[in-house]
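Enquirer: Here's a sequence, model it:
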Amino acid sequence: MKYITDPKSGKELSVLGFGCMRLPQDRDKAEKLVVRAVQAGINYFDTAYLYGNSEVTLGTILEKNTLREKINIATKIPHRRCKKYDDFDLLFNEQCTRLKTDYIDYYLIHNIGDLKSWERLCEIGIEKWISDKKSKGKISQIGFSFHGPQNEFMRLLEAYDWDFCQIQYNYLDEHFQAGRAGLEKAYSIGLPVIIMEPLLGGKLATGLPKKAAKHFKDVNPERSYAEWALMWLWNQPGITVVLSGMNNAEQLEENLITAATANPGMLTKEENAVFLPVMEAIRESYKVPCTGCNYCMPCPHGVNIPGCFAAYNTKSAMGLIPGMTQYVTSTGANHPQKRARAKYCVSCGACVRKCPQQIDIPKMLAEVDKKVETPLVRLGIRLIQKITP
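Expert: Alright, predicted model coming up:
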């Protein structure tokens with residue numbers, strides 16, 4: 001296993017991290033995976049309060065196998081459930097109980113998408129709470145996981161003295177959400193960057209169009225699509241840990257082999273070049289020619305225009321489930337106070353004048369609203385709103 005030094009904490013972090021959201025429901029299978037991962041050198045395990053039984057499962061496995069001190073636990077607080085100062089402790093203490101630990105190595109504000117959300121937390125005292133927890137050794141590093149427009153990511157970076165951040169990033173999402181520009185900005189200020197969704201929910205490993213897959217096979221017929229995606233990430237400086245939601249032994253062993261070669265600049269010129277035709281092949285099925293440049297942002301009415309279009313394109317290219325998932329996470333559709341969804345476009349036209357692709361943005365947002373927000377999806381959003389206060 002290769003390691004990168006976290007400049008903020010001085011810890012050596014494995015370049016491959018274990019994303020625990022998709023841990024097997026079978027406790028024995030989950031235990032074998034976690035134990036094998038630790039034995040192989042993985043020392044960064046990512047979970048969250050909202051990941052079902054993930055925290056409980058991970059904590060039980062670590063305690064049973066005496067592994068707690070060998071790894072770094074990263075988990076996340078659901079910030080929308082924090083209405084008053086005492087809620088921070090209430091949630092944090094419950095997480096420590098679940099994880100069977102009295103401290104968290106890497107603690108994140110979960111799924112924060114704009115500066116306003118952070119400012120709301122500041123109003124109820126989160127900065128004081130973080131300082132208190134750090135001084136008592138209960139939290140080592142504080143960071144945030146991000147889903148939102150790129151300009152909001154840049155603002156969040158400057159809003160607080162963060163220890164690390166976590167972004168969605170892969171070769172198909174190079175300019176989506178925080179994107180490459182966000183990664184490079186964080187790296188330039190010495191902030192460790194943790195990567196989530198490196199395989200876009202597995203679609204970059206198993207769901208490639210035939211034409212895209214052929215481009216990869218023409219360059220190296222032995223390399224898996226997952227390996228290509230991970231190598232694209234590790235080829236870049238600035239990435240500290242790549243999280244993979246491995247739920248079987250085969251995935252774990254394959255990723256361990258790929259991680260052993262991880263190094264910036266690892267790809268040859270020919271290997272680097274193949275990603276362009278691969279992305280073009282995937283995007284041939286896209287509905288909107290949006291490049292994610294974010295020139296249209298911020299929308300005066302709060303719509304996350306690039307996020308809506310990216311989700312629509314993902315739905316077209318990769319299928320219903322990844323498209324819907326991306327729509328919910330990138331538009332804040334799981335919270336009633338958010339107005340980032342396509343339905344909130346008022347056709348003011350401010351975005352059209354800024355778009356270098358000359359997209360009729362209001363027209364396409366209406367298309368997104370029609371094709372993405374089906375009655376079934378709206379029902380799902382309402383159910384999510386009820387369980388995510």
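
Enquirer: Just the element for the residue of the chain most remote from its centre, please.
Expert: Using Cα atoms, centre = their mean, the residue of the chain lying farthest from its centre is C348. It sits 31.3 Å away. C348 belongs to no helix or strand when assigned by DSSP states H and E.

Enquirer: Next up, phi/psi of V56, please.
Expert: Main-chain dihedrals, V56, degrees, to the nearest 10: phi -60, psi -40.

Enquirer: And for it, the neighbour number?
Expert: V56: 16 surrounding residues under other Cβ atoms under 10 Å. For every residue, glycine as well, the C-beta is placed using N, CA and C.

Enquirer: does the nearest residue in space to it that is not next to it in sequence count as helix, strand or coil?
Expert: Excluding the flanking residues, the one nearest V56 by Cβ to Cβ, 6 or more residues apart in numbering is R98, at 4.8 Å. When classified by DSSP: H, G, I helix; E, B strand; the rest coil, R98 comes out as helix.

Enquirer: What of E222?
Expert: When the rule is three-state DSSP, E222 gets the label coil.

Enquirer: circling back to that earlier point, my guess is the residue farthest from the centre of the chain contacts H301, does it?
Expert: Yes - counting by Cβ atoms under 8 Å, H301 is a contact partner of C348 at 7.0 Å.

Enquirer: OK, contacts around the residue nearest to V56?
Expert: Neighbouring residues of R98 by Cβ atoms under 8 Å, 6 or more residues apart in numbering: E55, V56, G59.

Enquirer: buried sites along the helix or strand containing the last one?
Expert: Read it as G59. Applying DSSP H and E as the criterion places G59 in helix 54-64. Residues S54, E55, V56, T57, L58, G59, T60, I61, L62 are the ones in helix 54-64 that count as buried (16 or more other Cβ atoms under 10 Å).

Enquirer: so what's the fifth one up against?
Expert: It stands for L58. L58 is in contact with C20, L23, V34, F45, T47, I73, L99, counting by Cβ under 8 Å, 6+ apart.

Enquirer: Among these, which lie within helices?
Expert: V34, L99 (DSSP state H).

Enquirer: okay, the contacts of L58 in JSON lines with neighbour count next?
Expert: Formatted as JSON lines, these follow (neighbours: other Cβ atoms under 10 Å):
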{"residue": "C20", "neighbour count": "27"}
{"residue": "L23", "neighbour count": "26"}
{"residue": "V34", "neighbour count": "26"}
{"residue": "F45", "neighbour count": "28"}
{"residue": "T47", "neighbour count": "26"}
{"residue": "I73", "neighbour count": "24"}
{"residue": "L99", "neighbour count": "24"}
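
Enquirer: right, and out of the contacts of L58, which lies closest to A249?
Expert: Closest to A249 out of the contacts of L58 is V34 (11.6 Å), distances taken as Cβ to Cβ.

Enquirer: what about the closest residue to the closest one other than its chain neighbours, distance to E222?
Expert: In this structure, V34 finds its nearest non-sequential neighbour in I61, 4.8 Å apart by Cβ to Cβ, 6+ apart. According to Cβ to Cβ, to the nearest Å, I61 and E222 sit 34 Å apart.

Enquirer: Kindly report the same for G302.
Expert: On the measure of Cβ to Cβ, G302 and E222 end up 47 Å apart.

Enquirer: more crowded one of those two?
Expert: Neighbour count, other Cβ under 10 Å: between G302 and E222, G302 has more, with 17 against 6.

Enquirer: The more buried one and Y344 touch, don't they?
Expert: Yes - under the criterion of Cβ under 8 Å, G302 makes contact with Y344 at 6.4 Å.

Enquirer: which residues in the chain form strands?
Expert: Using DSSP state E, the strands assigned to the chain run over residues 3-5, 12-14, 16-19, 44-46, 72-77, 104-112, 139-146, 164-168, 193-196, 241-244.

Enquirer: and the fifth one, which strands flank it?
Expert: The strands that strand 72-77 pairs with in its sheet are strand 44-46 (parallel), strand 104-112 (parallel) (by DSSP bridges).

Enquirer: Among those strands, which comes closest to K217?
Expert: Closest to K217 of the strands paired with strand 72-77, according to Cβ to Cβ: strand 44-46, at 31.6 Å.
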